[in-house]
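Novice: Fold the stuff below for me.
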Amino acid sequence: MLRTHYIDHAMADNTKEQPPEEESLDLDKQEGITPEPIPEPITFLNLHNGLTFSCVDGLNIDPKAVYAIKITAGELRANDFKSKWEKDQDQNREHPPIDPQYPQQTCSKRGVSISSTEEADKLEGGVSGPVASQPKHYNRIALFTFGGRCGCVKPTKSKRNDYHCDFYKSDQFDFTHVSVVEIKPLHP
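Specialist: Below you'll find the predicted structure:
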């Protein structure tokens, strides 16, 4: 009798109405919804070409931060973001040997000099301080922000400029992701 009861109970469970299946969470199967692509990692192969150390460990870009760069033209151009190292490459000049004992010097030569603008009052009414003491061929300063996957910024305070930074371009650098905030005269 026990056995019959067991069979009857099992048969009763099979005849019960099953709960409806939940909707699929698979975005590929849902109509009208396109899954967001997973971004590929930012790379710095060009920057690290020939180096045995990294220039960018632990660095990033704050997309809300405003930076400044000296410019000669009336507008910010992609060429303004070429490092001395890249300009030398373009002109087929030889680079000085890499000294692994001084990685920061090598990294700085491969970076682009910019300034952070944490102290916005220094920029009010024209530019003052160390940035303004640059040669006359730099006649403007561009204030800008980085977006996208431009690269990394490292604060590199110097004796002449407390706000100096090195900008290390990623292999994915795209000038269209640099947004100009303002162009100001450098020399009043």
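Novice: show me where the chain has helices.
Specialist: Counting by DSSP state H, the segments of the chain that form helices are 2-15, 84-90, 103-110.
Novice: now for the second one, which elements pack on it?
Specialist: It refers to helix 84-90. Other elements packing on helix 84-90 under the criterion 3 or more CB pairs under 8 Å, 6 or more residues apart in numbering; DSSP states H and E are helix 103-110. Using the backbone N, CA and C atoms, a C-beta is placed for each residue, glycine as well.
Novice: Tell me the helices and strands packed up against the helix it packs on.
Specialist: On a contact count with 3+ CB pairs under 8 Å, 6+ apart, helix 103-110 meets helix 84-90, strand 164-169.
Novice: Just name the most buried of these.
Specialist: Comparing the helices and strands packed on helix 103-110 by mean neighbour count (mean count of other CB atoms under 10 Å), strand 164-169 comes out on top with a mean of 21.
Novice: what ranges of this structure fall below the confidence cut-off?
Specialist: Under the criterion pLDDT under 70, the flagged ranges of the chain are 1-39, 90-97, 118-137, 187-188.
Novice: distance of the nearest residue to residue 56 once chain neighbours are set aside from residue 176?
Specialist: Across the structure, with CB to CB, 6 or more residues apart in numbering as the measure, the residue nearest residue 56 apart from its sequence neighbours is residue 152 (4.6 Å). Distance from residue 152 to residue 176, counting by CB to CB, to the nearest Å: 19 Å.
Novice: neighbour-wise, which of those two wins?
Specialist: Here residue 152 and residue 176 are set side by side on neighbour count (other CB atoms under 10 Å), and the busier one is residue 152, at 22 against 8.
Novice: Just to check, the more buried one is in contact with residue 57?
Specialist: No - under the criterion of CB atoms under 8 Å, residue 152 lies out of contact with residue 57, with a separation of 9.4 Å.
Novice: still on that earlier bit, got a list of what the residue nearest to residue 56 touches?
Specialist: 44, 56, 59-61, 167-168, 170 (CB atoms under 8 Å, 6 or more residues apart in numbering).
Novice: switch to 6 Å and redo it
Specialist: Taking CB atoms under 6 Å, 6 or more residues apart in numbering as the contact definition, residue 152 lies against 56, 59-60, 168.
Novice: and what of residue 164?
Specialist: With contacts taken as CB under 6 Å, 6+ apart, residue 164 has the following neighbours: 115, 156, 158.
Novice: Not including adjacent chain positions, what is the nearest residue to it?
Specialist: Of all residues beyond its chain neighbours, the one nearest residue 164 is residue 158 (4.9 Å), with distances taken as CB to CB, 6+ apart.
Novice: Same check on residue 184?
Specialist: For residue 184, the spatially nearest residue (CB to CB, 6+ apart) is residue 141, at 5.2 Å.
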